[in-house]
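Visitor: Pasting the sequence and the predicted model now:
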Amino acid sequence: MIQNDTYNKLAQSGVYNTNGSKVVLVDKSDDLELIGEGRSAFAFKIQFTDKVIKVFFLYS
């Protein structure tokens, strides 16, 4: 079972840049597979599990 601090570390591993209203994923943990992106979040599947995390991003 994955601990909460591991989820936090995985979520924080995502690095993104903003360009106006567009957000681009620059880097992420190798343990994550990008499976979707929307106006306010990225969705990642956690490798070797059936779990998905949704990471919301802030932009101005």
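Guide: Yep, that arrived.

Visitor: tell me the mean pLDDT for stretch 12-26?
Guide: Average pLDDT, stretch 12-26: 89.

Visitor: For it, measure first residue to last.
Guide: In stretch 12-26, first residue to last residue: 13 Å (CA to CA, to the nearest Å).

Visitor: List the contacts of it.
Guide: 27-29, 32, 34, 37, 42, 44, 55, 57, 59-60 (CB atoms under 8 Å, 6 or more residues apart in numbering). Yep, even glycine has a C-beta here, placed from its N, CA and C like the rest.

Visitor: Grab the most central residue of the chain for me.
Guide: Nearest to the geometric centre of the chain sits Val55, at 4.5 Å (CA atoms, centre = their mean).

Visitor: what about that one, distance to Ile2?
Guide: Distance of Val55 to Ile2, given as CB to CB, to the nearest Å: 15 Å.

Visitor: Please apply the same query to Gly14.
Guide: 17 Å.

Visitor: With neighbour numbers in mind, choose between these two.
Guide: Gly14 (18 against 10; other CB atoms under 10 Å).

Visitor: Need the phi and psi values for that one.
Guide: Dihedral angles of Gly14 (phi, psi; degrees, to the nearest 10) stand at phi -70, psi 130.

Visitor: one step back: wait, isn't the residue nearest to the centre of the chain in contact with Phe42?
Guide: Yes. Using CB atoms under 8 Å, Val55 is in contact with Phe42, at 5.1 Å.

Visitor: So which residues of this protein form helices?
Guide: Assigned by DSSP state H, the chain shows helices spanning 4-12.
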